[in-house]
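Asker: For reference, the sequence and a predicted model appear below.
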Amino acid sequence: MDIGIGLPNTIPGTPGTVLVEWAQRAEQRGFAGLATIDRIAYPNYDSLISLAAVAGATTRIGLFTNILIAPLYAPAMLAKAAASVDQVSNGRLTLGLAVGGRPDDFAAAGRDFHTRGRVFDETLDVLHRAWRGEPVAGGDIPVGPTPVRDQRVPILIGGTGDYSIRRIREWGDGWTSGGQPPEQAAPFAARVRDAWQEAGRQGEPRIAALTYFSLGDDDASRQYLRHYYGFLGDYVDMIAEGALRTPQAVRDTIKGFEDGGFTEVYLDPTVASLDQIDRLADVVL
């Protein structure tokens, strides 16, 4: 199972240069991938711009939007931006995409919250047609470069409903779990594998997980998570207290995901201090 680490692109007050330093150190320590979290109505760094910046500062480590809220973006623009990052990184990009669930993000982007499912399906179609070099904007000219691998950027679909299963069968390379512990995420991962086989897809699906961590500076970790998830009301304390904050908790959770058949786990930081990379690497690599 591959072990990745999140970029601190959503932690307020993080200097942009830290994202580049973070990526370089993560690659040096041997993490398999770097992941971003996506929001519009929050003072975070844009996911694809962040990954484009760190692509130029690294050579090996994978790049992953985990997740990008696809219906917030104009489909042709998203296709162009993703293919561009894929090219400049020499095929290291994976798009984790989901429908999104926060109305304020859609209001900030000028997009309709209530049609986001239909828009997501349309976006997935446009992405693949654009990456194949087909015109998608009403003209005869392709809208962007062709991705490095097989004329497409790999896509992992987020969400835990029947629509997510359908999208994985039709468009995805697998599934990404949105912060659930292993015992809660494993049953849906099994559904994904079954659906994959029933659809006659070759090989095995990628199954990714996201989980928060902090090894030291627990007060700052809790403060950030309460701020980021403040819209959830009373539920925010469950998230703030649920981050992995001891080496044993990290090891146990990774073992749980491995036992559940996950192919990759991304540990997202809740403190933007570079020493978090080394602390985590010493535990898991």
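Answerer: Structure received.

Asker: do you know how far Asp237 is from Asp217?
Answerer: Per C-beta to C-beta, to the nearest Å, Asp237 is found 19 Å from Asp217. In short, each C-beta sits where N, CA and C put it, glycine included.

Asker: Look at these two and report which has more neighbours.
Answerer: Higher neighbour count among Asp237 and Asp217: Asp217, with 17 against 14, using other C-beta atoms under 10 Å.

Asker: Leaving out sequence neighbours, find the closest residue to that one.
Answerer: Val271 (4.8 Å; C-beta to C-beta, 6 or more residues apart in numbering).

Asker: which SS state does the one you found fall under?
Answerer: coil (DSSP: H, G, I helix; E, B strand; the rest coil).

Asker: Now do the contacts for it.
Answerer: Pro8, Ile11, Ser214, Gly216, Asp217, Ala220, Ser221, Tyr224 (C-beta atoms under 8 Å, 6 or more residues apart in numbering).

Asker: okay, now the third one: neighbour count?
Answerer: The tally of other residues near Ser214 (other C-beta under 10 Å) stands at 25.

Asker: Quick check: it vs Glu134, distance?
Answerer: In terms of C-beta to C-beta, Ser214 sits 45 Å off from Glu134.

Asker: what does the last one give?
Answerer: From Tyr224 across to Glu134, the span is 42 Å (C-beta to C-beta).

Asker: Can you list phi and psi of the spatially most central residue of the chain for me?
Answerer: Nearest residue to the geometric centre of the chain (C-alpha atoms, centre = their mean): Asn66, 0.7 Å. When read as degrees, to the nearest 10, the backbone of Asn66 gives phi -130, psi 80.
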